[in-house]
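Q: got a sequence here, can you build the structure:
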Amino acid sequence: MDDVAPLFTRSDGDYVFARWGRPIVPVVFGVDDATLAVFKGAIEAVVALAGHKMDETDMELGANLMMFFCQDWNELLDVPHLDKLLPELGTLVPRLQAADANQYRIFRFDEAGAIQAAFVFMRMDDQMAQAPADTLALSQAVQVILLWSDTAFSEVPPLAMIEGKVALRPEIGDVIRAAYDPVMPVAARDASHALRLGARLI
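A: Just a heads-up that it's a prediction; the model follows:
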């Protein structure tokens, strides 16, 4: 990949990068056991690709990667204690409804700027319902392993059909591996970070 900067340059022009600074502990709400297994498998695969770790529990939060499936955004307002974790929930739900959104991600960060927690919301509209579970799972796992730009995958998605199967695009996998290189910082706001990432892709 010639230039990785656009992957972390937001629509307002700011360069913002972050990776997880602690083991990932996922929990998925609103799906059956089979779908749950698919999502956990996808998360495990992407975490392994990054060379990062998973754990059984987070000392502060219990789980730090929470995924919620719903049919209507209003359902989020009925999830017990979710408003305690996300004080902005009351204003977020009307915004998601107004935008007719079918997915949304919120990240929390520690003092070093690393990802501390992530909340993933998916509304199963017609578009989502038609996507195979493994495609949804891999897509979401990729999009929470790093803090990508809000426009990173607007033109080219992170997944592609490779030998008849949906898989992570190799160049995106390379970026994830490079981003988790132990010598790289957990967070960055200077575009020179992209040059260091790029140097690890050669």
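Q: center of this structure, which residue is that?
A: Geometric centre of the chain, nearest residue: Val144, 1.5 Å, by C-alpha atoms, centre = their mean.
Q: where does that residue land in three-state SS?
A: Secondary structure for Val144, judged by DSSP: H, G, I helix; E, B strand; the rest coil, is helix.
Q: was I right to think it contacts Met122?
A: No - counting by C-beta atoms under 8 Å, Val144 sits too far from Met122 to count as a contact (12.0 Å). No exception for glycine: its C-beta is placed from N, CA and C like everyone else's.
Q: show me where this protein has helices.
A: Secondary structure of the chain by DSSP state H: the helices cover 33-50, 82-85, 89-99, 126-130, 133-145, 170-179, 192-199.
Q: contact partners of the fourth one?
A: Outside helix 126-130, the residues within contact range by C-beta atoms under 8 Å, 6 or more residues apart in numbering are Asn102, Gln103, Met122, Leu136.
Q: residues contacting the third one?
A: Met122 sits next to Met67, Phe68, Phe69, Cys70, Asn102, Gln103, Met128, Leu136, Gln140 when contact means C-beta under 8 Å, 6+ apart.
Q: would you show me how to pick out the buried ones of those residues in ChimeraX?
A: Selecting only the buried entries of the contacts of Met122 in ChimeraX, with 16 or more other C-beta atoms under 10 Å as the criterion:
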select :67,68,69,70,102,103,136,140
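Q: of all the contacts of Met122, which comes closest to Ala45?
A: The closest of the contacts of Met122 to Ala45 turns out to be Gln140 (C-beta to C-beta; 12.2 Å).
Q: separation between that closest one and Phe119?
A: Look at Gln140 and Phe119: by C-beta to C-beta, to the nearest Å, they are 11 Å apart.
Q: and for these two, which residues touch both?
A: Counting by C-beta under 8 Å, 6+ apart, the common neighbours of Gln140 and Phe119 are Met67.
Q: hey, what's Val166 bridged with?
A: Under DSSP bridges, the beta-bridge partners of Val166 are Met161.
Q: again with Phe107
A: Under DSSP bridges, the beta-bridge partners of Phe107 are Ala118.
Q: hang on, isn't it packed against Ala114?
A: No - in this structure, Phe107 is not within contact of Ala114 by C-beta under 8 Å, at 10.1 Å.
Q: contact partners for Gln97?
A: Contacts for Gln97 were tallied using C-beta under 8 Å, 6+ apart; they are Trp73, Asn74.
Q: and the one 10 residues further on, by the same measure?
A: The neighbours of Phe107, taking C-beta under 8 Å, 6+ apart as the test, are Ala18, Ile115, Ala117, Ala118, Phe119, Val144, Leu147.
Q: burial measure for the residue lying closest to the last one once chain neighbours are set aside, as a count.
A: Once flanking residues are discounted, Leu147 sits nearest to Ala18: 4.0 Å by C-beta to C-beta, 6 or more residues apart in numbering. The burial count assigned to Ala18 is 23, neighbours taken as other C-beta atoms under 10 Å.
Q: what does Glu171 give?
A: With other C-beta under 10 Å as criterion, Glu171 counts 15.
Q: many thanks, we can stop here.
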